[in-house]
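Fold the following and give me the result.
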Amino acid sequence: MIQEELHLVQCRERIEENIARYEALLKDAEKESEDLFRAVRSGDTELYGQLIVSENMREHYGKTLLKNRTAYNKPYFGRIDYKELETGTEEMLYIGKNGITLKDHEVIVVDWRAPAATVYYENTLGQGSYRTVGGKSIPIDLYLKRTFDISEGKLQGYYDSDTVANDELLVKYLSQNKDVVLGDIISTIQKEQDEIIRKTPYKNILVQGVAGSGKTTVAMHRISYILYNYGKQFAPEEFCIIAASDMLLRYITSGLPELDVENVSQMRMDRFLLRYLDKSWKKNDRYIEMDEGESFKSRLEFIQALDNYLEGVRKQALPDGDIVDTKAGILMSGEDIRDILERNKERSVAYLSGFLNERLGARIKMLLYDEEDAGLRKVLVKEYKNTFVWKKTTKAADVYVDFLMWYALVKGNGACMDSVIAHVQKHRFDIYDLAALALIEVRLLAKETYEDYRQIIVDETQDFGESVYYVLRQMLPGCYFTLMGDVSQNIHYETGMNSWEDLKNDVFGGEHMSFHILAKSYRNTIEISEYAGHVLQHANAGAYKIQPVIRHGSPVGIWKCGEEGMSFEEACRSMASKALEILSGIESSGYDTTAVICRDENSAAEAAQYLGISAVADGEESFHKGVMVLPVAKTKGLEFDAVILWNPSPESYGRSEGDAKLLYVAITRALHELHVVYCGELTPLSQ
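Numbering: from 1, shown residues only. From the prediction side, this is the model:
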């Protein structure tokens, strides 16, 4: 203990030296930048290059200073001692949230993202190995793996352990409030999480993770890891995080700056798809919610049928036989045309028709290059200039309507299709219509390929049906996907995903895909997990069960309010009185994020009225401390220190699998305390 205390003191002293050094360097760089800026502004443009260099140095010094200041109170959380078996080199590495070096070369704290840090997260004591970024395996013999409990610059203790998951420190962190848990998450990343984080960026990764398994944390850390180790191959601007709501996006990306990640795009799924419809999307077009009667549009069968239909349109517009003229012979062989089409599979019909027409014109000019052929050459160029016919005014919505009519005939479901066609013709589109239009745009209309993103991360993947991911895959063939979700939490039961099989086998299948399961929950106490597991038994598709970390808490509070014969209004007042009493106790426990979760928007507004607390209004997208009154659909992906379930009655949550998943989502939002307030009867799902 004394030796480690001394090391911590010495490490902090060296960080202090770093802070002083970078403060001076930053001050000089800021002055230099200001002087150069004034000179350039005064007309000395030759100094512009120096100004850019000076600004880059100023930014570098600022970031390095911030890292050192952040590290000062808690420089590191782990230590590993090992020997490299091939070289015999002995290593003793201290691992922290930020890598710290002295004078840009002497490493005193290793960044958690460095390849050697894998040893701390994944290796057990004894012989093992870790891989470099280049893929080389380094065999080692691990002597020591130590986890430190450091607070405000003081060593509280340390734990020597073979498996970080069993450390007392992990349970200690999980027992604190949400903000503290998030702040310490890097030091408690588990082996199965770390394996996903450090997976090569040249793979599509699908992760089934139970509620509280750290899916979102893993995804955000994976971005940080890739940018740290593959910074020359991937730029931050080539990443995009996609989710179903702005609230969820803001919630999950709020910690990215702490992970040294900036300039990463984030978009709702509908807005992401709209980016590819800029030319055809009109101001009077509207985005609407999905009608459950049209759930077939979310399935793979539907979108693949559309793709096959578009392939037929492509073949009709781009015939691949020999182009023969009676006077000049073969102008362009079918073999050449097929070769061009094969090498440009990702190009649209609009692009290829223009390209092939230009190529044909060039071939005619090459074949009839003599002066004596000038007359015939001119005639043939004019005659064959539109051999590959494509109507430039074609609209994606018109093609979609034609397909829907064809699909109705094939499937014999004309009545259902009439409603789809009606709202499409009125320029009213749901998320699956947008996906279909985007596919039409890519296959038929796009003037260029889409290569702006190379890494797509989707949180709560199960919220959307397979057809959306099929379209994303076709739109961005050179992109790699990280998809995080839990089919047990599919609150859009008719349209979302209840199984990973189609994505695994038909959309992302192949050698560049890996599927992972995170079964252990680090969010809920044993008591909450057991209550959630009981509800999940009613969901037949809920095959992925929670394995909770051994962390006990308060029993789930079940509070029946009101009395027989009470009016509904009186019962609501009784529930509100009990809920306010519970909220007072939660606040006195030091917890600062609480959700009152209701079945839908109407019940949330009703509960808020009786509680005297503003409900999160439709369209409001901000997560905040204190008490939030929300419908269950808006809580997806979020977590709170405590949760109060508002009146989960048989009318609110029946016996259906969809209702079971909704209730499961509501329950598993709670880290520490769960309370159920109700009047009348409880939902049969809890029995």
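
C-alpha only now, for contacts and for neighbours.
Fine.

And the residue nearest to residue 73 when sequence neighbours are not counted, how close does it get to residue 62?
Spatial nearest neighbour of residue 73, chain neighbours left out: residue 153 (4.3 Å); criterion: Cα to Cα, 6 or more residues apart in numbering. Residue 153 is 22 Å from residue 62, where distance means Cα to Cα, to the nearest Å.

And for residue 375?
Taken as Cα to Cα, the span from residue 375 to residue 62 is 70 Å.

higher neighbour count, these two?
More crowded of residue 375 and residue 62, by other Cα atoms under 10 Å: residue 62, with 18 against 10.

Got the confidence number for the more buried one?
Looking at residue 62, its pLDDT stands at 92.

For the residue lying closest to it once chain neighbours are set aside, list the residues it contacts.
Distances taken as Cα to Cα, 6+ apart place residue 26 nearest to residue 62, at 6.3 Å, with adjacent residues excluded. With Cα atoms under 8 Å, 6 or more residues apart in numbering as the criterion, the residues that contact residue 26 are 58, 61, 62.

In helices, which of these fall?
58, 61, 62 (DSSP state H).

give the contact list for the first one.
In this structure, residue 58 makes contact with 26, 29, 30, 33, judged by Cα under 8 Å, 6+ apart.

let's see it at 6 Å
26, 29 (Cα atoms under 6 Å, 6 or more residues apart in numbering).

any idea how far it is from residue 36?
From residue 58 to residue 36 the distance is 13 Å (Cα to Cα).

which stretches of the stretch 351-500 of the chain form helices?
Secondary structure of the stretch 351-500 of the chain by DSSP state H, counting those that start in this stretch: the helices cover 374-383, 396-411, 414-425, 431-440, 466-475.

Please identify the most buried of those.
Across the helices of the stretch 351-500 of the chain, averaging neighbours per residue (mean count of other Cα atoms under 10 Å) puts helix 431-440 on top, at a mean of 25.

Run through the helices of the stretch 551-687 of the chain in chain order.
568-588, 601-611, 657-667.

Chain neighbours aside, what residue packs nearest to residue 125?
Nearest to residue 125 is residue 142, by Cα to Cα, 6+ apart, at 5.1 Å.

Helix or strand: which one has residue 34?
helix 2-41 (DSSP states H and E).

Of all the helices of the stretch 351-500 of the chain, which one is nearest residue 364?
helix 374-383 (6.6 Å; Cα to Cα).

how about the contacts of residue 26 in JSON lines, adding distance to residue 536?
As requested, those are exported to JSON lines (distance: Cα to Cα, whole Å):
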{"residue": "58", "distance to residue 536": "54"}
{"residue": "61", "distance to residue 536": "52"}
{"residue": "62", "distance to residue 536": "49"}
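
tell me which of those is nearest to residue 89?
residue 61 (32.7 Å).

From residue 93, how far off is that closest one?
When residue 61 is compared with residue 93 (using Cα to Cα), they lie 25 Å apart.

Ok, residue 211 next?
Taking Cα to Cα, one finds residue 211 at 34 Å from residue 93.

between those two, who's got more neighbours?
Legend: neighbour count by other Cα under 10 Å for residue 211 and residue 93, higher for residue 211 (31 against 19).

helix/strand/coil for that one?
coil (DSSP: H, G, I helix; E, B strand; the rest coil).

how about it, phi and psi?
Main-chain torsions, residue 211, degrees, to the nearest 10: phi -60, psi 130.

Residue 83 now?
Per degrees, to the nearest 10, the backbone of residue 83 is at phi -120, psi 130.

What about it, how many residues nearby?
Residue 83 has 17 nearby residues by other Cα under 10 Å.

what about the nearest residue to it once chain neighbours are set aside, how many residues close to it?
Excluding the flanking residues, the one nearest residue 83 by Cα to Cα, 6+ apart is residue 90, at 4.4 Å. Residue 90 has 13 neighbouring residues, counting by other Cα under 10 Å.

I'd like the distance between residue 90 and residue 82.
Using Cα to Cα, residue 90 is found at 6 Å from residue 82.

Ok, residue 467 next?
49 Å.

got it, and residue 120?
11 Å.

Between those two, tell me which one has more neighbours.
Neighbour count, other Cα under 10 Å: between residue 120 and residue 82, residue 120 has more, with 29 against 21.

Quick check: the more buried one vs residue 132, distance?
15 Å.

Where does the prediction get shaky in this structure?
104, 162-185, 278-285, 287, 290-292, 412-415, 540-543, 617-622 (pLDDT under 70).

What residue in it is the furthest from its centre?
residue 372 (64.2 Å; Cα atoms, centre = their mean).

Chain neighbours aside, what residue packs nearest to residue 683?
residue 650 (4.1 Å).

count of residues packed around that neighbour?
15.

And the one 5 residues further on, by the same measure?
One way to gauge burial is a neighbour count; for residue 655, by other Cα under 10 Å, it gives 14.

Same question for residue 344.
12.

Same check on the one 5 residues further on?
Taking other Cα under 10 Å as the neighbour definition, residue 349 ends up with a count of 28.

contacting residues for it?
residue 444.

Please report how far residue 302 lies from residue 404.
Counting by Cα to Cα, the gap from residue 302 to residue 404 is 10 Å.

where does the closest residue in space to residue 667 that isn't next to it in sequence fall, phi/psi-wise?
Counting by Cα to Cα, 6+ apart, residue 667 lies nearest to residue 532, which is 6.1 Å off, once chain neighbours are set aside. When read as degrees, to the nearest 10, the backbone of residue 532 gives phi -70, psi -40.
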